[in-house]
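Trainee: Based on what follows, work out the 3D shape:
(one chain, ligands or ions: 2)
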Amino acid sequence: MGRLVMVSNRVALPEEARAGGLAIALKASMEEAGGLWFGWSGKIAAESGQMHEQRLGNVQFLTIDLSKQDAGDYYDGFANRTLWPLLHFRMDLVDYSRETYAGYLRVNALFAEKLAPLLRPDDVVWIHDYHLIPLAQLLRERGVRCRLGFFLHVPMPSSDLLAALPDHRRLFEGLSAYDLVGFQTERDLERFQDYVRLFGHGQVIEHGVLETALGRRLRAGAFPISIDTAHIRSLAEKAVGKASVKRLAASLSRRSLAIGVDRLDYSKGLPERFRAFSRFLQRHPELRGRLTYLQIAPVSRGDVPEYRQLRQELEGLAGHINGRHADADWTPVRYVNRNYPHATLAGFYRLARVALVTPLRDGMNLVAKEFVAAQDEADPGVLVLSSFAGAARELTHALQVNPYDVDGVADAIAAALTMPLEERLARWRVMMDCIEKHDIAAWRQDFLAALRSA
Ligand SMILES: O=P(O)(O)OC[C@H]1O[C@H](O[C@H]2O[C@H](CO)[C@@H](O)[C@H](O)[C@H]2O)[C@H](O)[C@@H](O)[C@@H]1O
Ligand SMILES: O=c1ccn([C@@H]2O[C@H](COP(=O)(O)OP(=O)(O)O)[C@@H](O)[C@H]2O)c(=O)[nH]1
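Mentor: Ligands and ions are numbered 1, 2, ... in the order given. Presented below is the predicted three-dimensional model:
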């Protein structure tokens, strides 16, 4: 069997410890399968192109530095100020410029230039996410003939939104150079098929089999990403004895804990969630003082203006809610911008009675699955989950909410806090069965099997 070559903007280098589902999920896959992992080093250098090599176990890491200009145009610019808001249904935040698009294409071409000579004909190349949509086409132009798969970690919005992007055909037709294109959910796949029919001049031969305008066939499918369920469960069991977890437990003074864990990103619905928590305190005075809400929100994409504004807004909101509702011995919201390792997070999840996972849009949301995996099977907590997260398709037994409905989320928090043990057990069991069967290894195997047979 050929070597597995993963390509992603962000690579989980051995010393890397930043939040983000893609890197965490691919790390688990690479550790199991071995192979080459290729991407951006995350470093800014005087010039783009310097390569670095590292090895850990059966994984070889090859990463490239980018210049300030390239990183600014490609990552902060076109990827995170144009594509990210577009793919999360936020037309109001899309900032398009020809300069940043040119930078995006330049960095994709650089990746292709460096990667093409390293590939062997029997390699299976798996390219990830919106940063690298054109890469297959650029590799093919350089003579690469091996199997190329693509997985989109974020949502695929409706064709009408995609069509608002200048030059959208040139970008999205790049997907036709892959042998297999994977999405998080069936709904994302359907919206992609609509786009191919309506704007891509292609045909859907049958569900999951497409023919492009140029007559090339490719496959497309839904492959919901997952977590290393057994590992998170075992981390959570061990974490009970960890000092940081004991300190958190002691600090609660027998109050229940509600937890949120998200990169500081506008897609995660944090201001709406803070408002819903405040509304919960107003609407349910009988429960006041029984729940402390800990929001962990490591800073993400801090050079992008929309993310800096969000940070300011949240600081204001947290202060406002605490000023309004706190007592001398109780602070309702604890808002923390630190990044915690999984070994600690797993213990925090297990301690929590309620998890608040209420993104406005999310490709999957691995935190929702991690929370379920970390629960005590004799006394599980309750997951309050946005129906706009990819995870909602599988975690149907969560308390599902519309994150825009502040009163609805407030009432769901109250329902979660007061839910009888019997109902908590029944809901948790169904969700745990799902992520035990469908863990990260199953995700990788399903995608690679489909790619090998595509
Ligand atoms: O690399 P960053 O810019 O720091 O951002 C972190 C990652 O955010 C996004 O994650 C997505 O992938 C998760 C795993 O499939 C999924 O659960 C989540 O819903 C997505 O938002 C982004 O797509 C990644 O490329 C980033 O690395
Ligand atoms: O302090 C933190 C906050 C988050 N995460 C991890 O970052 C990932 C976030 O993935 P998710 O799919 O929920 O969202 P994304 O950030 O990829 O959009 C999850 O594995 C979290 O456990 C982490 O390790 N430390």
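Trainee: The longest strand seen in the chain near ligand 1 at all?
Mentor: Ranked by residue count, the top strand of the chain under DSSP state E comes out as strand 35-45. No: residues of strand 35-45 are not located near ligand 1 by Cβ under 6 Å from any ligand atom, the shortest gap being 8.8 Å. Placement of C-beta: from N, CA and C, glycine included.
Trainee: please renumber so the chain begins at 178
Mentor: Let's use 178 as the start, then, which means that last one is strand 212-222.
Trainee: Can I get that strand in CSV? Just the C-alpha atoms.
Mentor: The C-alpha trace of strand 212-222 is given here as CSV (Å, rounded to 0.1, in the frame of the first residue of the first chain):
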residue,chain,number,x,y,z
GLY,A,212,3.5,8.9,6.6
LEU,A,213,4.4,12.5,5.5
TRP,A,214,2.6,15.6,6.8
PHE,A,215,3.2,18.7,4.7
GLY,A,216,2.2,22.3,5.4
TRP,A,217,3.0,25.8,6.6
SER,A,218,5.5,26.0,9.5
GLY,A,219,3.4,28.8,11.0
LYS,A,220,6.6,30.9,10.9
ILE,A,221,7.2,34.2,9.1
ALA,A,222,10.5,34.5,7.4
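Trainee: Which residues of the chain lie near ligand 1?
Mentor: 187, 197-200, 202, 306, 330-331, 402, 477-478, 539-543.
Trainee: for the longest strand of the chain, packing partners?
Mentor: strand 181-187, strand 236-244, helix 245-248, helix 275-292 (3 or more Cβ pairs under 8 Å, 6 or more residues apart in numbering; DSSP states H and E).
Trainee: Let me know the next secondary structure element after it.
Mentor: strand 228-233 (DSSP states H and E).
Trainee: next one: that following strand to chain centre, how far?
Mentor: 25 Å (Cα atoms, centre = their mean, to the nearest Å).
Trainee: Note down every partner strand of that strand and its orientation.
Mentor: Strand pairing for strand 228-233, determined by DSSP bridges: strand 236-244 (antiparallel).
Trainee: Now, the residues of the chain next to ligand 1 that are in strands?
Mentor: residue 187.
Trainee: Of the residues of the chain next to ligand 1, which ones also sit close to ligand 2?
Mentor: 197, 198, 199, 541, 542, 543.
Trainee: Contact residues of the stretch 478-627 of the chain facing ligand 2?
Mentor: Counting by Cβ under 6 Å from any ligand atom, the stretch 478-627 of the chain sits next to ligand 2 at 516, 517, 519, 522, 541, 542, 543, 544, 547.
Trainee: For the residue in the stretch 278-427 of the chain positioned nearest to ligand 1, give me the pLDDT.
Mentor: Nearest residue of the stretch 278-427 of the chain to ligand 1: residue 330, at 3.4 Å (Cβ to the nearest ligand atom). Looking at residue 330, its pLDDT stands at 98.
Trainee: can you check the one 4 residues further on too?
Mentor: The score at residue 334 is 98. That number is its pLDDT.
Trainee: For the residue nearest to it when sequence neighbours are not counted, give its distance to ligand 1.
Mentor: Of all residues not flanking residue 334 in the chain, residue 266 sits nearest, at 5.2 Å (Cβ to Cβ, 6 or more residues apart in numbering). Relative to ligand 1, residue 266 is positioned 13 Å away (Cβ to the nearest ligand atom, to the nearest Å).
Trainee: isn't residue 266 right up against residue 338?
Mentor: Yes: under the criterion of Cβ atoms under 8 Å, residue 266 makes contact with residue 338 at 6.5 Å.
Trainee: Now do the strands in the stretch 528-631 of the chain.
Mentor: 531-534, 559-563, 576-578 (DSSP state E, counting those that start in this stretch).
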